[in-house]
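A.B. asks: sequence first, predicted coordinates after that:
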Amino acid sequence: MIIRNAMFIGVAGLWAAATSAATISEGRATELAKPAGKAAVGALSPSLTMSDGAVLDLQAGFSAATPPSEASKAQAFAKVAAYAKALSDRDFTAAYAMLRLSYQAANPKIHWEMNLRDRGDLWANGAVKILRSSWTRDPAGQPTGNYAAFDFLGYRSNGDFDCGTIVVHQPFENSEFSIVRTEANYVAAEFLDNGVPNANILPQLPCFVGNAFAGKS
């Protein structure tokens, strides 16, 4: 079972690299198999870390010679970590405040929050690792600034698996980042073999997993 849940700003496409590798498409909840019942909500806070060997993918506007600043990288990661913690703590007011204003305008808080409260648990309930951060500047069709897409995977306390992407935007250098999109893809534990999505599920995962499962199958 894979269930896709996406929240986004409603503007098609962020940039080509993300759409090709992480399948960041215009999303809606898409059920690829019959979902199981809701899992109980745990009280744990998420552990969000950079994976060993995490990939830094530099796209338009950045290069090895002109990478994002260390301050911007730290600020972007801190925003993602804060957002994950707010969701795990069910502090929806704090999480909503981190969304870009254009997203808030298109998604009133009451509807956004009800959608999250309807779910028994969220990807942020587990231990989450960042596998890749993809950076671009001034992508076509988007407000100007720096964008970073963080591809993650994680295991919930009940053994279920999530992978997905969180995209943040910084309008100008040293300004605050905001969340512009999240997508989480959920796989029930029954479809994992020793913690690895089985041969039927793995090809269906619409997210970047890199070498996260190397040597584990």
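C.D. replies: Thanks, I have the structure now.
A.B. asks: residue 123 is in contact with residue 184, correct?
C.D. replies: Yes: in this structure, residue 184 is within contact of residue 123 by C-beta atoms under 8 Å, at 4.0 Å. For glycine as for every other residue, the C-beta is placed from the backbone atoms N, C-alpha and C.
A.B. asks: so for these two, which sits in the more crowded spot?
C.D. replies: residue 123 (27 against 22; other C-beta atoms under 10 Å).
A.B. asks: got the contact list for the more buried one?
C.D. replies: Residue 123 makes contacts with 152, 154, 156, 162, 164, 184, 186, as judged by C-beta atoms under 8 Å, 6 or more residues apart in numbering.
A.B. asks: got a list of what the fifth one touches?
C.D. replies: For residue 164, the contact set (C-beta under 8 Å, 6+ apart) comprises 123, 151-152, 182-185, 207.
A.B. asks: for residue 184 and residue 123, list the residues in contact with both.
C.D. replies: 162, 164.
A.B. asks: ok, of the contacts of residue 164, which one's closest to residue 53?
C.D. replies: In terms of C-beta to C-beta, no member of the contacts of residue 164 lies closer to residue 53 than residue 151, at 12.9 Å.
A.B. asks: what about the closest one, neighbour count?
C.D. replies: For residue 151, the count of nearby residues is 28 (other C-beta under 10 Å).
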